[in-house]
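1. dropping a prediction and its sequence here:
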Amino acid sequence: MRDFPQAPTAAFLFDLDGTLIDSVYQHVVAWRQALSGMGIDLSVWRIHRRIGMSGGLFVSALLRETGLKLSREQIDELQTHHAEAYEQQAHSVRPLPGAVELLGELTERGVPWAICTSGYARTARLALGLLGLPDDTPMVTRDMVRRAKPDPDLFLAGAAFAGVDPTHAMVVGDSVWDLLAARRAGALGIGVLSGGYGRDELERAGAFRVYADPADMLDRLDELGVRQSD
């Protein structure tokens, strides 16, 4: 029988907050607390719309909307206050439905994956224990790249961790910033609704498929080319 070329290995690159762990609103509250501590009063919905960006870009975008000005030192201080406020709430964060099982299933089937988050290691690595993952889990954090989402650096680094070309990766995220970064990396975007963005928003940002949460995605892995025989 004639040998035909094999399909290249695909990998999944997962955002963290709102995608694998139910932490978006803890981040929103932490940012509001940090902002209030510096005398900046912003509505929760304005903060939520920017979750998923890097902390520095997040602050710059919010300040642009309000017309306020902060120095580089004040922005750094604000990010530190956010991290401290988030750590105070970390006990209330839980894995999203199906997240642990989804990662376990991909591992069992030999499908490479990595976690790519705009969060710094200080807060992001708290999630490894929640997800039952070892310390050497492939995770790319803000500390490790030059720019975070919506730039593609996190997902380019994640693809390198997973040992695949970015064009053979599928990015799973809950925000338009994840999907914009995925497109810029040349990867296929998959949306989940568990971070608060709507299906239409995710599809307009480039999502090939949209699932309710990791459990829904796990039930439909065959739609993404992951079959029982893999």
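-> Sure thing, it's come through.

2. can you pull the domain assignment for this structure?
-> 11-23+94-224, 24-92 (automatic domain parsing).

3. deepest in the core, which of the ones you listed is it.
-> Greatest average neighbour count among these goes to domain 11-23+94-224 (a mean of 21), per mean count of other Cβ atoms under 10 Å. Using the backbone N, CA and C atoms, a C-beta is placed for each residue, glycine as well.

4. let's have the domains of the chain in TSV, adding mean pLDDT.
-> Formatted as TSV, those follow (pLDDT from 0 to 100):
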stretch	mean pLDDT
domain 11-23+94-224	95
domain 24-92	81
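
5. mind checking how far Ala185 is from Thr141?
-> 17 Å (Cβ to Cβ, to the nearest Å).

6. oh, I was asking about Arg46
-> In terms of Cβ to Cβ, Arg46 sits 25 Å off from Thr141.

7. so what touches stretch 42-59?
-> Here stretch 42-59 makes contact (Cβ atoms under 8 Å, 6 or more residues apart in numbering) with 15, 17-18, 24-25, 27-29, 31-32, 35, 61-62, 65-66, 70, 75, 78-79, 82, 118, 120, 142, 147-150, 173-178, 195-196.

8. go again with 6 Å.
-> If you take Cβ atoms under 6 Å, 6 or more residues apart in numbering as the criterion, stretch 42-59 is touched by 24, 27-28, 31-32, 35, 61, 75, 78-79, 118, 142, 148-149, 175, 177.

9. in the chain, which spans are helices?
-> Under the criterion DSSP state H, helices of the chain are mapped to 24-37, 44-48, 55-66, 72-89, 99-108, 121-124, 126-130, 153-162, 176-185, 199-204, 214-219.

10. which one of these lies closest to Gly191?
-> Of all the helices of the chain, helix 199-204 sits nearest to Gly191, with 3.3 Å by Cβ to Cβ.

11. with just CA atoms, put the closest one into PDB.
-> Extracted in PDB, the C-alpha atoms of helix 199-204 (Å, rounded to 0.1, in the frame of the first residue of the first chain):
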ATOM      1  CA  ARG A 199     -20.700  33.500  21.700                       C
ATOM      2  CA  ASP A 200     -21.100  36.300  19.100                       C
ATOM      3  CA  GLU A 201     -18.200  38.200  20.400                       C
ATOM      4  CA  LEU A 202     -15.900  35.200  20.500                       C
ATOM      5  CA  GLU A 203     -16.900  34.100  17.000                       C
ATOM      6  CA  ARG A 204     -16.400  37.700  15.600                       C
END
